[in-house]
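S.K.: next come a sequence and a model predicted from it.
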Amino acid sequence: SLFQAREAAVACVAVPLAAATGLLAWGGPPARAALTARPCPRLLLFGPARAGKTALVRGVAGAARAAVVTLDWRAPPAVGGASPPSSTLTSPAAAAAAATTAVATALAVAKAAAPAILYVPRIDDLFVREASRAAGGGGGGTGPAASPTTIPARAFRPALLSALSSLSASDRVAVVGEAGCPPAAVGKDGEALAAAFAGSLVGVGPPGRSERVAVLSDAASSRGVGWGGEGGHASPPSSSLPSVEVASDLAGLAAATAGYSAGALVDGVRAAAAAAAAASSSPGAPLTASEFLSALAAAGPPPPAAA
C-alpha cells in the first residue's frame, strides 16, 4: 500500500538525510560521523504508472525538509539554453560528454540545495533493454520513446553509476529512482538495476481503503471544493463499480474504487470538479458521487494486476 511504501521510504531516505543534516540526535558526534561516512541513501521505487511514486518522493522530501532535483535522462540536454541538433549525440564521445555534463549539473544543483533528493524517473528504461523486458514480461516503459536529441542509455548509464559511487552520506543527497516494474521481472538487467540501489527496493501499489479516503479528501480540498450529498444512490455507468448510498460518504466512495491508483482517483476528482463547475453558476460547487464515479468509469477500469 501507499502507507507501507511511505514508511519504508522514510526509513530508507528521510531518516538518514535528517540525521546527516543534524535534524535528528543520532547517538552523538561519533555516531553521526560514522553515519555520514556511509554511501548516500539510495532507493528504487517501482510500480505501475500513476501509482503515486512521484508524489511519494515529494512527501518523503517534505519529511526530511529536503529539496527534490529531478534528473530525467530522456529529456534532451540543454546546450546554451537550447537542445543540441541530433547529430551532436550520434558520436559516442559526444554522447558520453553530454551525459557526464547532465549528471554533473544535476548533482551540483542537488548538493547546493542539500539536503536534497536526486530523483531519476524511468530509470528502468535506462538500465533494462527492450529484449530483456520482453523476455521477462516486465511492465516498464513508463515514458515516451527517446527522441534523436536524447542522450543514449549506453552513455547515460555509466555516468549515473559513476555519480552514485562518488556520493557519500556527508553530501546530504539521496538518490531515488523510479521504475515501472520490479527489477526481478527483467532478469540480469534488473539485477544490475537492483545492485545500483544496493538492494533498497520498495514497491508502490494501489492505495488501501483508508488511503483512498485521504486521497479523495485531499484532491477535493486542493481544488477548493467539498463533497456534497445528493440523496439516494449514486450509480456510475459501469457494472464494475457498486452504487454509493450518500455522495458525502467518502468511506463508501473508497470502497467503490478499490484497485484504482492514486493518480486515477485524483484525475477523477479533477474531472468531477470541472463538471460541477460547468453545471453550476456558483464557484466551488460541491462534488457528487455520480459525477465522480462517472468520470472514473469513463477513464476505464483499474489494471487487472492492481485490482
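M.R.: On my side now, so go ahead.
S.K.: just the helices in the chain please.
M.R.: 2-9, 15-21, 28-36, 53-63, 92-112, 123-127, 130-136, 153-166, 187-196, 209-221, 250-256, 262-279, 289-298 (DSSP state H).
S.K.: so which of those helices is the most packed in?
M.R.: helix 123-127 (a mean of 25; mean count of other C-beta atoms under 10 Å). The C-beta positions use only the backbone N, C-alpha and C, and glycine is treated the same way.
S.K.: so what touches it?
M.R.: 44, 46, 73-74, 120, 138, 140-143, 153, 156-157, 160, 177-181, 183, 186, 189-190, 192-193, 196 (C-beta atoms under 8 Å, 6 or more residues apart in numbering).
S.K.: neighbours of the residue nearest to Arg42 when sequence neighbours are not counted, just the number please.
M.R.: Distance criterion C-beta to C-beta, 6 or more residues apart in numbering; nearest residue to Arg42, sequence neighbours excluded, is Phe197 at 4.5 Å. Using other C-beta atoms under 10 Å, Phe197 has 22 neighbouring residues.
S.K.: pLDDT wise, what is Phe197 at?
M.R.: The score at Phe197 is 85. That number is its pLDDT.
S.K.: next one: Pro242
M.R.: So, for Pro242, pLDDT stands at 43.
S.K.: Val176 now?
M.R.: Among the per-residue scores, Val176 holds a pLDDT of 92.
S.K.: now Ala299
M.R.: Note on Ala299: pLDDT of 74.
S.K.: now swap in Thr149 and tell me
M.R.: Confidence at Thr149, expressed as pLDDT, is 55.
S.K.: with Leu2 instead?
M.R.: For Leu2, pLDDT reads 69.
S.K.: low-confidence stretches in the stretch 151-300 of the chain?
M.R.: Applying pLDDT under 70 to the stretch 151-300 of the chain flags residues 228-248, 280-285.
S.K.: from Leu287, how far off is Val68?
M.R.: Separation of Val68 from Leu287 (C-beta to C-beta, to the nearest Å): 30 Å.
S.K.: who's more crowded, these two?
M.R.: Taking other C-beta under 10 Å, Val68 and Leu287 do not tie; Leu287 has more neighbours (27 against 17).
S.K.: and that one, how far from Gly208?
M.R.: In terms of C-beta to C-beta, Leu287 sits 22 Å off from Gly208.
S.K.: equivalent analysis for Phe197, please.
M.R.: In terms of C-beta to C-beta, Phe197 sits 25 Å off from Gly208.
S.K.: other residues contacting the single longest strand found in the chain?
M.R.: For the chain, the strand that runs over the most residues, judged by DSSP state E, is strand 173-179. Counting contacts by C-beta under 8 Å, 6+ apart, the residues outside strand 173-179 that touch it are 9, 13, 16-17, 40-46, 53-54, 57, 60, 64, 66, 107, 110-111, 114-124, 140, 142, 164, 167, 193, 196-197.
S.K.: recalculate using a threshold of 6 Å.
M.R.: Applying C-beta atoms under 6 Å, 6 or more residues apart in numbering, the set of residues contacting strand 173-179 from outside is 13, 17, 40-46, 53, 57, 110-111, 114, 116-121, 123-124, 167.
S.K.: and stretch 95-109, by the same measure?
M.R.: 69, 71, 77, 89, 151-152, 155-156, 159-160, 163.
S.K.: the same query, at a cut-off of 8 Å, please.
M.R.: Counting by C-beta under 8 Å, 6+ apart, 69-71, 73, 77, 84, 88-89, 116, 118, 151-152, 154-156, 158-160, 162-163, 167, 173 sit against stretch 95-109.
S.K.: Leu43 is in contact with Ser200, correct?
M.R.: Yes. Applying C-beta atoms under 8 Å, one finds Ser200 in contact with Leu43, separated by 4.9 Å.
S.K.: shared neighbours of these two, anything?
M.R.: Cys12.
S.K.: looking at these two, which has the bigger crowd around it?
M.R.: Leu43 (22 against 19).
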